[in-house]
Every structure is written in structure tokens, then in C-alpha cells.
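Chemist: Quick one: sequence plus predicted model below, questions after.
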Amino acid sequence: MKESDGRRRSPGRPRVPFDRIIAAALRIVDEDGADALSMRTLAQRLDTGTATLYRAVANRGELVAHVVDCVFGEIELDPDAMRGADWEQVCLLAGQAIFDTLSRHRGVAPLLIGRVPTGPHAMVHREWFLAMLLGNGFSGEAAARAYATIARYVLGFAIQLPRHGAADSDAAEVSSLYHQLDPEAFPATLAVADSLPTATLEEEFAFGLRLIVAGLAGLRRGA
């Protein structure tokens, strides 16, 4: 079609490969956090226009869904460790693998708040996890709740991970603060003052995950 003056319409900016769009979006989240991801900042990163991006995704929500699923695609389970493992060990390995993946992409966890991931990678992972639980004596309801509990627990800890691998609070400083408390008002805190600040977030996560998995044993049929 031609304009009224005889000139052809501009074909617009060329399309950007979809994989490149998602990779760039994930880099923004990794580098600057979830709030930094917008169609405008992504267009600038790719040296293109927002109209070009809207030809690939309908809106920011759809973009976020693809970024989240891209990260789910990175979850890896060691086949050697899984071979011969019982359901409890599998739950521990899977929960740790998800946490480790979110640890590598610390800006992604906030994108999962209030969002049920339904991308292809997330769906395959959920199907595998649920099938494992169903095959090990869990009822449908128990399997669904067990999966949701582990998933939400992982997300809760992942959200607390400091950005860019920053160190946890100085344990010595926190311990010193506890030791200065009034022993009559805080006797229990003082009794464990040397233990409270010593564990890292990662260590606390692993400890809590073991407790959750141990508690799930009672939900199995015949347990």
C-alpha cells in the first residue's frame, strides 16, 4: 500500500528473536531487580522500540511469565543422586535445586509472588513432582498440598536472598546485641544468643526443608 504522496510506508523496526528478548529481560532482572523490568527499559537494552516488543509479547505480564519459565528451565536434578533415592530424598533434592536456581537469579523470586507459573518448563516440573508423590503413597489432595508447601517454602526463602550475593548480617554484631539484653526480660534469647545468628540463610533453608519433608511422611497412605 502507498501513502497519498506515492511513498511506501516504513516497514518499521525489524523483529528481534524471541529468545534474545527473554534473555535480555532476564539480564535486567538479574542486574537491577524485578522492578527494573519494563517494556521501555527492555526496548532500550535491545536498541529497538516498544512496538517491536509488543509484536512478541502482549504485555509485561506475559513477558514476566516467559522470564520465569526460562528460569524454571534451568532447574537441574543430578540423575546419579536421584537414582535409588526414596521420595524424601527426592523432595530434598528437588527443593534444593529450585532454591539454588533462584539463588543464581536473585531478582526472579519477587516475580513469582501472587503468580502460579504455568509455562512449559514449570508445568513439566510440577507434573514430575506430583507424579513422584502420587507414586509414593500420597493421595491427590496430599500430593497437591505437599507440592504447594515445598514450593512456597522455597519461594519464601528465595525472596530473602540478598541481591548480588551480599553477605548476611554480621553474626558477631548481632550476637553482641543479644548478649546485652536484659536477662530478666529476655532469658530465652540470652540462652541461645550464641546460636541464633550463626547459621546462614542457606543453612536455615536446608534445615527447614528437612523438617517439612519429615513432616510430610504422616500424609502418606498407610503411614
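Modeler: Now that the structure is in, tell me what you want to look at.
Chemist: any weak-confidence spans in the protein?
Modeler: 1-13, 164-170, 222-223 (pLDDT under 70).
Chemist: Helices along that one, start to end?
Modeler: 18-32, 39-45, 50-53, 60-72, 79-82, 87-104, 120-134, 140-159, 171-179, 187-191, 201-216 (DSSP state H).
Chemist: could those helices be laid out in CSV, adding distance to Leu111 and mean neighbour count?
Modeler: C-beta here means a position set from N, CA and C on the backbone, and glycine is covered the same way. Shown next, in CSV, are these (distance: least, CB to CB, whole Å; neighbours: other CB atoms under 10 Å):
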stretch, distance to Leu111, mean neighbour count
helix 18-32, 7, 17
helix 39-45, 14, 16
helix 50-53, 17, 16
helix 60-72, 5, 19
helix 79-82, 28, 10
helix 87-104, 10, 18
helix 120-134, 12, 16
helix 140-159, 10, 17
helix 171-179, 30, 13
helix 187-191, 36, 12
helix 201-216, 19, 15
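Chemist: Of all those helices, which one comes closest to Pro110?
Modeler: helix 140-159 (6.3 Å; CB to CB).
Chemist: Does that closest one pack against any helices or strands, and if so which?
Modeler: Where contact means 3 or more CB pairs under 8 Å, 6 or more residues apart in numbering; DSSP states H and E, helix 140-159 is packed against helix 87-104, helix 120-134, helix 201-216.
Chemist: Now those helices in CSV, please, with extra columns for distance to Ile75.
Modeler: Formatted as CSV, these follow (distance: least, CB to CB, whole Å):
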stretch, distance to Ile75
helix 87-104, 5
helix 120-134, 6
helix 201-216, 15
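Chemist: that older thread, can you check which of the helices of the chain gets nearest to Ile113?
Modeler: Evaluated with CB to CB, the helices of the chain place helix 140-159 nearest to Ile113, the distance being 7.4 Å.
Chemist: Just the angle for that closest one relative to helix 120-134, thanks.
Modeler: 130 degrees (axes from the mean of the first three to the mean of the last three CA atoms, to 10 degrees).
Chemist: residues making contact with helix 140-159?
Modeler: Residues outside helix 140-159 that contact it (CB atoms under 8 Å, 6 or more residues apart in numbering): 91, 94-95, 98-99, 102-103, 106, 109-110, 112-113, 126, 129-130, 133-134, 138, 201, 204-205, 208-209, 212-213, 216, 219-220.
Chemist: so how far is it off the chain centroid?
Modeler: 12 Å (CA atoms, centre = their mean, to the nearest Å).
Chemist: what's the angle between it and helix 87-104?
Modeler: Helix 140-159 runs at 30 degrees relative to helix 87-104, counting by the same axes, to 10 degrees.
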